[in-house]
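Asks: Could you work out the structure for the sequence below:
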Amino acid sequence: LDQMLPNYQVNGGTKQALFSVEDCFISDSEQAKQQQSSIIGLIAIDLDEATVTPRGQCYVGDIETVYASSEAIYLATTQYPYSVDGDVVNYHGQPTTEIHKFSLDGTTPDYRGTGSVAGHLGWQQDLKAFRMNEYNDVLRIITYTGEQADSESSPAHLYTLKENTETASLDTIGSLPNDAHPAPLGKPGEQIYATRFIGDKAYLVTFRTTDPLYIVDLSDPSDPFVASELEINGYSDYLHPVGENYLLGIGKDAVASAEAGDGRGAWVQGVKLSLIDI
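Replies: Prediction:
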């Protein structure tokens, strides 16, 4: 196994291992064990050292996206439940997103825990990292759960997770919708177009014919709730704060159309900028 791990050289010197076999982690998920095909290295280099000495750990498995805060780095990937019948692969149930946390305290990344939430981070690779955010040691994540029999009323779900040092896990401490706040995030059939976490608020855009912008209050991560909702024609797929009181939405204008098979749809027009007082 040592022969499969990456190494490094300083100024053409002797090759040395970036990390040892004992520094590698693999998911407990049986599906992940069958599918792993990559070695993900998390390497720290102290730039104050006279001699460059990379230190790190590794994760054996495929990763879809990476999110980093100033305190930690999170690796996330989608798990699809399936069974194999001869040459036929049957997918069943709802996909989940598996998240692994490594701390960035000091000069060596340190594995801290793993968590799992329902849904996935969408299909647009450049937008997946915006679905996650860490604030006051709590990870907030928005997943797409649409097109599932048990979640058609809400195409999006928000989860808050906190590190459990005793079990080396990321435990879910809050979610939305929930029993106290059952209203869905988005309308049936919509998809997530934009997400942005700013402080103790989350901003979410879903779209099919109009653009609902949701503001979610996360001041109590165990009890998130929708604080406000605004509908605008078209949609934003990127949100950016402008000062403390405004949000800039960048996306496309759209005209609702009844020509879709279910009577709902829209013709996408040109680029649209929206300045929103939040």
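
Asks: name the element the closest residue to residue 28 other than its chain neighbours belongs to?
Replies: Closest residue to residue 28 apart from its sequence neighbours, by Cβ to Cβ, 6 or more residues apart in numbering: residue 114 at 7.7 Å. Backbone N, C-alpha and C define where each C-beta goes, glycine included. Assigned by DSSP states H and E, residue 114 belongs to strand 110-118.

Asks: which element follows the helix or strand bottoming out on mean pLDDT in the chain toward the C-terminus?
Replies: Using mean pLDDT, DSSP states H and E, helix 30-35 stands out as the lowest-scoring helix or strand of the chain, at a mean of 64. Counting by DSSP H and E, the next helix or strand C-terminal to helix 30-35 is strand 39-44.

Asks: who does that next one touch, helix- and strand-wise?
Replies: strand 55-60 (3 or more Cβ pairs under 8 Å, 6 or more residues apart in numbering; DSSP states H and E).

Asks: quick one: the strand it packs on to chain centroid distance?
Replies: 21 Å (Cα atoms, centre = their mean, to the nearest Å).

Asks: While we're on residue 168, how confident is the model there?
Replies: pLDDT recorded at residue 168 is 92.

Asks: for it, what are its contacts?
Replies: Shown in contact with residue 168 (Cβ atoms under 8 Å, 6 or more residues apart in numbering): 111, 112, 113, 114.

Asks: Kindly confirm my reading that residue 146 is in a helix.
Replies: No - read with DSSP: H, G, I helix; E, B strand; the rest coil, residue 146 is coil and lies in no helix.

Asks: dump the residue contacts of the closest residue to it other than its chain neighbours.
Replies: Among residues not flanking residue 146 along the chain, residue 155 sits closest, at 3.4 Å (Cβ to Cβ, 6+ apart). The contact partners of residue 155, by Cβ under 8 Å, 6+ apart, come to 144-147, 184-192, 206.

Asks: 6 Å - rerun?
Replies: Neighbouring residues of residue 155 by Cβ atoms under 6 Å, 6 or more residues apart in numbering: 146, 186, 190.

Asks: For the helix or strand hosting residue 157, which helices and strands make contact with it?
Replies: In the assignment (DSSP H and E), residue 157 maps to strand 156-164. When contacts are defined as 3 or more Cβ pairs under 6 Å, 6 or more residues apart in numbering; DSSP states H and E, strand 156-164 packs onto strand 110-118, strand 138-144, strand 169-176.
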